[in-house]
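Peer 1: build the 3D model from these lines:
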Amino acid sequence: MGKKYYGEFLSSDEKISTNILADRLEKLEGDGLITKAVDKENNSKKIYALTQKGIDLLPMLLEIIAWSAKYDNNTGTPAEFIKRLEQDKNSLIRELKESIAGSET
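Peer 2: As a prediction, the model looks like this:
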């Protein structure tokens, strides 16, 4: 979804509390799934980014999204995304990985 700052995650539809978000980001960083770096344009902000280890989880996460779409009528995943996932998962994975790589430059 293009989010990279703490405040962007905090304002997500999930309505996660500040202490839970901070704890989860710390755990993800500790597990090597994300990195945290100082924003070069604004030294008071931190940028969160996926590591290769985190990116490699993408196929599994898409399987969970597909499962959720099948069994949860209230899924928040857009129908168009589910359709693309069902039609050509490998192409979608490649596109998402390219998008992630492009956002890190």
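Peer 1: test my guess that residue 48 contacts residue 25.
Peer 2: Yes: with contact defined as Cβ atoms under 8 Å, residue 48 counts as touching residue 25 (6.4 Å). Heads up, the C-betas are built off the backbone N, CA and C, glycines and all.
Peer 1: the residue of the chain positioned farthest from its centre: what secondary structure?
Peer 2: Seen from the C-alpha centroid of the chain, the residue lying at the greatest distance (Cα atoms, centre = their mean) is residue 43, 23.1 Å away. Three-state call for residue 43 (DSSP: H, G, I helix; E, B strand; the rest coil): coil.
Peer 1: how far away is it from residue 19?
Peer 2: For residue 43, the distance to residue 19 (Cβ to Cβ, to the nearest Å) stands at 24 Å.
Peer 1: any idea which element residue 22 lies in?
Peer 2: helix 18-30 (DSSP states H and E).
Peer 1: quick one: pLDDT of the residue farthest from the centre of the chain?
Peer 2: pLDDT for residue 43: 90.
Peer 1: and the lowest-mean-pLDDT helix or strand in the chain, what other elements does it pack with?
Peer 2: Of all helical and strand segments in the chain, the minimum by mean pLDDT, DSSP states H and E falls on helix 89-103, at a mean of 88. The helices and strands touching helix 89-103, judged by 3 or more Cβ pairs under 8 Å, 6 or more residues apart in numbering; DSSP states H and E, are helix 58-71, helix 79-87.
Peer 1: mind checking how far that helix is from the chain centre?
Peer 2: Offset of helix 89-103 from its chain centre (Cα atoms, centre = their mean, to the nearest Å): 12 Å.
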